[in-house]
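# Return a 3D structure for these sequence lines:
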Amino acid sequence: MKNRWLLAGAALAAGLNTPTWAQVVPSGTDPAASDAARNDQAAAPAPDGSVPGEIVVTAQKRTERLQDVPVAVSVISGDQIAAQGGVNLESAQYLVPTLNFRKSGTTINQSLFLRGVGTSTFSVAGEPSISTVVDGVVYSRAGEAFSDLIDIDRIEVLRGPQGTLFGKNTSAGVINIVTKRPGDVLGGFVEGAFYTGNGNEYRTRAALDIPLSDTVKSRFTGFYGNYAGNIRNIAHDNRRVNGYEHYGFRGMVVADATPDLTFTLIGDYRRSNDDCCAEVIGTTPTTGLTASVLPDRNGNKSRTVNQDLITHTDEKSWGVSLQADATLGTQTVTYIGSYREYDNTEIRDGDWLPRAYVGANQLHDFGPQVSNTFTQEIRVASPSNQFFSYVVGAYYSRAFTERTFRRDDVVCTATPTPTVLTPCSTAGTTVTRPTGTAVFGSTFKNLAFFGQGVFNLTDRFRAIGGVRYTADQLDVFHSRVTTLAGPGINPSFGPFAGKTTNTNWSGKAGLQFDVVRESTAYATYSRGYKGPAFNVFYNLGATGTNVIDPETADSYEVGLKNTLFGGKLVVNLAAYYAKYHNFQANNPDVVAGVLVTRFTNAGDISTRGGELDLIVRPVRDLNISGGLAYTDAHVDQFRVPTNGVTTGVVPAGTQLGYAPRWKGSLGADYRIRTGGAVDFTLGAQSSYQSSQISQFDASAAIRAATTIKAYGLLDLSAGIVDAKDAFRIVLQVKNVLDTSFASSIVSGGPGGAYRYIIPREADRYAGITARLNF
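Alright, predicted model coming up:
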């Protein structure tokens, strides 16, 4: 498989997935002003003089060149995501070798992993290990991170603990998303796309820049997408599922009140209706369930389900933020305030069958959730061109979530016990209908003070230091009323209320040295922190009300950033080791006869590895980017439960879930300039990853059965582009080699079978995208 990836990489031609070619902006300048200078690059060609060495990021809350930042950062442009055919961050995993994605039955339970570390939990009182930040606003819940990536300027993936500047729940890293800024003139674009192959997909989006005055600019973006799905459901006349319907809009107004004061107001709204993700039964059950009930049991090649309830997620989210950037003397003061609401309704078929049978019960879930988040941040940044430069600030957030979750069962028996599969509707069966409803929620409050400084000891040698003080308070509540306990339904419980508080000092220290003008070496130590939690979920009982202690990480990283050939070639190397204590993880457990995952302090884990990022622009119209990562993330010492039962203890040395040892990507695009009215583009994007465990389990047999095998993907594109970039038409083929794979494999299916989630990318499909710029 490694050779296959190398061969796929060698097949590079060129195309649409362009790296972020950005202007050089002096460090310490107003971030709003510098972003505005990079106006709508997707609609315009890269400047002739722009090279990879000029990529600009805000990874340390000030505008800097990527090559000057002593942090392992991968940068993905909005064009790269668009060329990938991506809708959300799930697509970014094929572009960033250290980023992995755990797909789940519903959006709210999906997770990101960096360097093999992430958090998977069904608890509303647990938070992710990777924070997603959009235009300076933290999205506090994992589900919010998977909003549509529309009108994106760039995505910065910061690997390793980032707690000093970005706060708690960044113990594994940060996804920093920056959207496009308004332009100086009236203009915009309209784009439409159609994809076909195992389900049709339609996408439209448009953006309009409207200058309201010489000092006030605005940008408005709207989008709509619809995909039929890649799985057929026999129980619903073979209709397609695993699709989506998304729509929304975003508006931004940037006002230069004075030469030294800029306001940025952003508002967005999004609706999502996903009938995803139906879990196919990929293996033969150990009981008497027949092929007519569980069709197409063919592992990751299965594309059929037979479920009476269509698993789906309905979401609505909206938010507003206000940013003010003021220059006071030589200092830049930034304020960001935000309010967001995120509502999610989960509807799930938990038995994966078309009806209830004797010995095979029906289990259906309905779980609406409402949440809101309020944040405030203020910080001061000094100029960077002085002996001691710094960023200091304060941050406050309040995140509230409430969920009403109902589980309905159908259970039947017959005397004598049938020897064949018998529906509960059969005469002579005794039918009961257990049901239970739980109302539970959480409120996270966080107050922090932070600062990071750089001592420019010489022109080539710098010392870095930072610290953050965090105060957390978490309040939770839970109450469950049960009518006749049954499968997956514990007896009534509660009301229960819990509270925990915690304070933490985290920080960073490091050295940075310019070996030569083109190469910078750095070595850093970072202390990561993830706040306390509770395991608040539907079937909570008295034995599960304990506080889950905070997770901490000690991370060591060395890197070498190389800018060669006048900035045309960037080769960045990093090696790291991180040790996590009180690792917050899901531990599989059986509750009321149903497999669940219990959120707990699992113990100590560690991750180590090496990474390479490559960006090269050898000539004006050829762009190449890629990366390679080796990751060894495993258990050091799993915690033995207080009751002494060791059956759930994962052995030391076990590889973590969603942590492939090898992962790489390589892509390129080339524009053929004809000198006539139109030019042509060619492109390729390849990726490869070795095998990875899907279910992090104490059982070696289950880990083996839920291991996702190694696979590689290759995408190709070709297009026609107006010489002045007024329009472009691009043809694209995804997964050219038609490689089938699963994004998730877990146990607990009917009759002891295993459940698979099959992503859209697991089949070859093709599409056309047309865009008009004006």
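
# Surely I231 and R240 touch.
Yes: in this structure, I231 is within contact of R240 by Cβ atoms under 8 Å, at 6.9 Å. Using the backbone N, CA and C atoms, a C-beta is placed for each residue, glycine as well.

# of these two, who's got more company?
I231 (25 against 19; other Cβ atoms under 10 Å).

# I'd like to know the beta-bridge partner residues of the more buried one.
In this structure, I231 has beta-bridge partners V241, where bridges are defined by DSSP bridges.

# Which parts of the chain are helices?
All helices of the chain, identified by DSSP state H, fall at 2-10, 31-37, 78-83, 163-166, 700-705.

# Least confident of the ones you listed, on average?
Comparing mean pLDDT across those, the weakest is helix 31-37, with a mean of 35.

# Residue ranges in the protein under the pLDDT threshold?
Low-confidence segments of the chain, defined by pLDDT under 70, span residues 1-49, 587-597, 641-645.

# Go again with 80.
Along the chain, segments meeting pLDDT under 80 span 1-50, 53, 79-87, 105-109, 141-143, 145-147, 287-292, 586-598, 640-648.

# Most distant residue from the centre of it?
With Cα atoms, centre = their mean as the measure, the chain has its most outlying C-alpha, relative to the mean C-alpha position, at P416: 51.1 Å.

# if I look at that one, how far off is T429?
Distance, P416 to T429, by Cβ to Cβ, to the nearest Å: 12 Å.

# mind listing what's buried in stretch 455-469?
Of the residues in stretch 455-469, those scored as buried under the neighbour-count criterion (16 or more other Cβ atoms under 10 Å) are 456, 462, 464, 466-468.

# Reformat those into a markdown table and put distance to S397 next to each item.
What follows is these, written out as a markdown table (distance: Cβ to Cβ, whole Å):
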| residue | distance to S397 |
| --- | --- |
| N456 | 33 |
| R462 | 31 |
| I464 | 26 |
| G466 | 20 |
| V467 | 19 |
| R468 | 14 |
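
# Of the residues you listed, just say which sits nearest to G167.
Within the set of the buried residues of stretch 455-469, R468 lies nearest G167; the separation is 6.9 Å, counting by Cβ to Cβ.

# Identify the bridge partners of the closest one.
On DSSP bridges, the residues paired with R468 through beta bridges are F450, S506.

# And it, how close does it get to Q695?
R468 is 34 Å from Q695, where distance means Cβ to Cβ.

# Neighbours of G329, how many?
G329 sits with 8 neighbouring residues when counted by other Cβ under 10 Å.

# L564 - nearest residue in space that isn't next to it in sequence?
Nearest non-adjacent residue to L564, counting by Cβ to Cβ, 6 or more residues apart in numbering: E518, 5.7 Å away.

# Check A753 too.
Taking Cβ to Cβ, 6+ apart, and ignoring the residues beside it in sequence, A753 has P285 as its nearest neighbour in space, at 4.2 Å.

# Now the phi/psi pair for the one you found, please.
Comment: the main-chain dihedrals of P285 come out as phi -70, psi 160, following degrees, to the nearest 10.

# Counting neighbours, what do you get for it?
The number of residues packed around P285, counting by other Cβ under 10 Å, is 18.

# can you pull the contacts of it?
Residues near P285 by Cβ atoms under 8 Å, 6 or more residues apart in numbering: 294, 749-753.

# What of V635?
Counting by Cβ under 8 Å, 6+ apart, V635 makes contact with 602-605, 650-654, 656.

# any idea how far N230 is from V305?
Counting by Cβ to Cβ - V305 and N230 are separated by 11 Å.

# More neighbours: which of the two?
Neighbours of V305 and N230, each counted by other Cβ under 10 Å, are more numerous for V305; the result is 27 against 23.

# I figured the more buried one hits V241, correct?
Yes: at 7.2 Å, V305 and V241 qualify as touching, with contact defined as Cβ under 8 Å.

# Name the residues contacting each of these two.
Joint contacts of V305 and V241 (Cβ under 8 Å, 6+ apart) are 231-233, 278.

# Highest neighbour count among those?
Counting by other Cβ under 10 Å, A278 has the largest number of neighbours within these, with 29 neighbours.

# Just to check, that one is in contact with I310?
Yes: A278 sits in contact with I310 when judged by Cβ under 8 Å, with a separation of 7.4 Å.

# what do those two both touch?
233, 241, 349.

# of those residues, closest to L614?
Ranking the shared contacts of A278 and I310 by separation from L614, with Cβ to Cβ as the measure, puts V241 on top at 39.0 Å.

# Surely that closest one and D274 touch.
No: using Cβ under 8 Å, V241 is not in contact with D274; the gap is 9.5 Å.

# Next, show the common contact partners of the two.
H312.

# So in terms of bridging, what pairs with E245?
Bridge pairing for E245 (DSSP bridges) gives the partners N226, N273.

# Just give the number of residues close to L322.
By other Cβ under 10 Å, neighbour count at L322 equals 15.

# give me every residue that touches it.
Applying Cβ under 8 Å, 6+ apart to L322 gives the contacts 263-266, 335-338.

# If we use 6 Å, what do you get?
Contacts for L322 (Cβ atoms under 6 Å, 6 or more residues apart in numbering) come out as 265, 337.

# ok, it to Y335 distance?
Distance check for L322 against Y335: by Cβ to Cβ, it reads 8 Å.

# Can you give me the neighbour number for the closest residue to I108 other than its chain neighbours?
Excluding its sequence neighbours, the residue lying closest to I108 (Cβ to Cβ, 6+ apart) is G143, at 4.3 Å. Applying other Cβ under 10 Å, we find 24 residues neighbouring G143.

# Tell me the buried residues in stretch 274-289?
By neighbour count on 16+ other Cβ under 10 Å, the buried set for stretch 274-289 is 274-283, 285, 289.

# So for it, first residue to last residue, what's the gap.
Using Cα to Cα, to the nearest Å, the end-to-end distance of stretch 274-289 comes out at 29 Å.

# same deal with stretch 277-295?
Criterion Cα to Cα; first-to-last residue distance in stretch 277-295 is 17 Å.

# what's the burial count for A700?
The number of residues near A700, taken as other Cβ under 10 Å, comes to 11.

# what's the closest non-adjacent residue to it?
Computed as Cβ to Cβ, 6+ apart, the closest residue to A700 that is not its neighbour in sequence is P651, at 7.9 Å.

# Could you do D549 as well?
Once chain neighbours are set aside, the closest to D549 by Cβ to Cβ, 6+ apart is N582, at 4.7 Å.

# count of neighbours near the one you found?
For N582, the tally of surrounding residues (other Cβ under 10 Å) stands at 18.

# With A438 as the reference, measure out to it.
In this structure, N582 lies at 27 Å from A438, with Cβ to Cβ as the measure.

# Next: D669.
According to Cβ to Cβ, D669 stands 51 Å off from A438.

# and if you look at D308?
With Cβ to Cβ as the criterion, D308 and A438 are 23 Å apart.

# These two: who's more crowded?
A438 (25 against 16).

# Y538 is in contact with the more buried one, correct?
Yes: here A438 reaches Y538: they are 5.0 Å apart, a contact under Cβ atoms under 6 Å.

# overlap in contacts of these two?
In the contact map built from Cβ under 6 Å, 6+ apart, the residues linked to both A438 and Y538 are F405.

# ok so, going back, mind putting the buried residues of stretch 274-289 in TSV, distance to R65 included?
Putting the buried residues of stretch 274-289 into TSV (distance: Cβ to Cβ, whole Å) gives the following:
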residue	distance to R65
D274	39
D275	44
C276	40
C277	40
A278	46
E279	45
V280	47
I281	51
G282	47
T283	51
P285	57
L289	60
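
# just checking, which of these belong to strands?
When DSSP state E is applied, these are split such that 274, 280-281 fall in strands.

# residues of stretch 467-482 that come out buried?
Counting neighbours by 16+ other Cβ under 10 Å, stretch 467-482 gives 467-468, 470, 472-478, 480, 482 as buried.
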